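Undergrad: just need the structure, nothing else, for what follows:
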Amino acid sequence: MKIGENSSVWYGAVIRGDKAPVNVGRNTIIQDLARIIPRDQNSPVNIGENVFIGPNSSLGSCHI
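TA: Numbers count the residues shown, from 1 in each chain. Below you'll find the model as predicted:
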């Protein structure tokens, strides 16, 4: 898992990188209770720079 410079992960957020990589770009905010969980080994999660993931969001394998 990689989290870029100036990014923040808020209280209660879950980021699981045990199935596939999770990459978070610079200046990104992942708010309270967000869940980021790749679906399988061939489907990573890529979150770019300057992205806002709101509270209680749920992300599977995706590219944002």
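
Undergrad: distance of the spatially most central residue of the chain from Gly17?
TA: The centre of the chain sits closest to Ile36, judged by CA atoms, centre = their mean, with a distance of 5.0 Å. To Gly17, Ile36 is 9 Å away according to CB to CB, to the nearest Å. For every residue, glycine as well, the C-beta is placed using N, CA and C.

Undergrad: pull the helix or strand with minimum mean pLDDT from the chain.
TA: strand 2-3 (a mean of 94; mean pLDDT, DSSP states H and E).

Undergrad: so what strands line up beside that strand?
TA: Here strand 2-3 is paired, per DSSP bridges, with strand 22-24 (parallel).

Undergrad: the strand it pairs with: how far from the chain's middle?
TA: 6 Å (CA atoms, centre = their mean, to the nearest Å).

Undergrad: now swap in stretch 36-51 and tell me
TA: So, by CA atoms, centre = their mean, the centroid of stretch 36-51 is 6 Å from its chain's centroid.

Undergrad: got the buried residues for it?
TA: For stretch 36-51, the neighbour count (16 or more other CB atoms under 10 Å) marks Ile36, Ile37, Pro38, Pro44, Val45, Ile47 as buried.

Undergrad: which of these fall in helices?
TA: If you go by DSSP state H, the buried residues of stretch 36-51 have nothing in helices.

Undergrad: reformat those residues as TSV; add distance to Ile30 and pLDDT.
TA: What follows is the buried residues of stretch 36-51, written out as TSV (distance: CB to CB, whole Å; pLDDT from 0 to 100):
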residue	distance to Ile30	pLDDT
Ile36	7	96
Ile37	13	94
Pro38	15	94
Pro44	16	94
Val45	11	96
Ile47	8	97
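
Undergrad: max pairwise distance over these: which two?
TA: Across the buried residues of stretch 36-51, the longest distance by CB to CB is 12.9 Å; it joins Ile37 and Ile47.

Undergrad: between those two, which contacts overlap?
TA: Shared contacts of Ile37 and Ile47 (CB atoms under 8 Å, 6 or more residues apart in numbering): Leu59.
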